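Novice: using only what follows, build the 3D model:
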Amino acid sequence: QVQLQESGPGLVKPSQTLSLTCTVSGTWITSGHYYWSWIRQPPGKELEWIGAIFNDGSTAYAPSLKSRTTISRQTSKNQFSLHLNSVTPEDTGVYYCARHIGAYEPGTSLLRGQGTQVTVSS
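Specialist: Numbering: from 1, shown residues only. Sure, this is the predicted structure:
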């Protein structure tokens, strides 16, 4: 059974870096042809894809967030991480790590973690 679990601080100050980690169990993030993604949901808004890392370590990012985002992985721990810098209150939301096939679009079938609330506030 494949499971994903997000972890990281729930409160980040403006201008700082938001860092989250996804721990995957039941499969290896280096196997298969999946998107290992970070997705977020701001309050009252739809899910927003942030970016992904692939089994070969390559990455892809949403154009609107690319300049502030880095996704990396720690294969020995079967984890992948999100770093979003220069955050503002508009980055507040529930952050999910997820696995899916093919590029994300609304309605894409996701296997995702339970999500973690991140609030950007001083």
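
Novice: helices of the protein, start to end?
Specialist: Assigned by DSSP state H, the chain shows no helices.

Novice: how confident was the prediction at the most centrally placed residue in the chain?
Specialist: For the chain, the residue nearest the mean C-alpha position is Trp38 (2.0 Å; Cα atoms, centre = their mean). Predicted confidence (pLDDT) for Trp38: 98.

Novice: got the contact list for it?
Specialist: Leu20, Cys22, Trp49, Ile50, Gly51, Ala52, Ile71, Leu82, Tyr95, Tyr96, Cys97, Ala98 (Cβ atoms under 8 Å, 6 or more residues apart in numbering). Heads up, the C-betas are built off the backbone N, CA and C, glycines and all.

Novice: tell me which of those fall in strands.
Specialist: Leu20, Cys22, Trp49, Ile50, Gly51, Ala52, Ile71, Leu82, Tyr95, Tyr96, Cys97, Ala98 (DSSP state E).

Novice: next, count neighbours for the fourth one.
Specialist: Other residues lying near Ile50 total 23 when counted by other Cβ atoms under 10 Å.

Novice: OK, contacts around it?
Specialist: With contact taken as Cβ under 8 Å, 6+ apart, Ile50 is in contact with Ser37, Trp38, Ile39, Arg40, Tyr61, Ala62, Leu65, Thr69, Ile71, Leu82, Leu84.

Novice: any chance of the residues you listed in CSV, with distance to Ser7 too?
Specialist: CSV is the format used below for the contacts of Ile50 (distance: Cβ to Cβ, whole Å):
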residue, distance to Ser7
Ser37, 16
Trp38, 13
Ile39, 16
Arg40, 15
Tyr61, 21
Ala62, 22
Leu65, 21
Thr69, 18
Ile71, 15
Leu82, 11
Leu84, 15
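
Novice: nearest to Thr119, of the residues you listed?
Specialist: Arg40 (12.2 Å; Cβ to Cβ).

Novice: show me the strands in this structure, by range?
Specialist: For the chain, strands defined by DSSP E occupy the ranges 3-7, 11-12, 18-25, 35-41, 48-53, 59-61, 69-74, 79-84, 93-100, 111-112, 116-120.

Novice: which elements pack onto the third one?
Specialist: Packed against strand 18-25 by the contact rule (3 or more Cβ pairs under 8 Å, 6 or more residues apart in numbering; DSSP states H and E) you find strand 3-7, strand 35-41, strand 79-84, strand 93-100, strand 116-120.

Novice: this completes my enquiry, with thanks.
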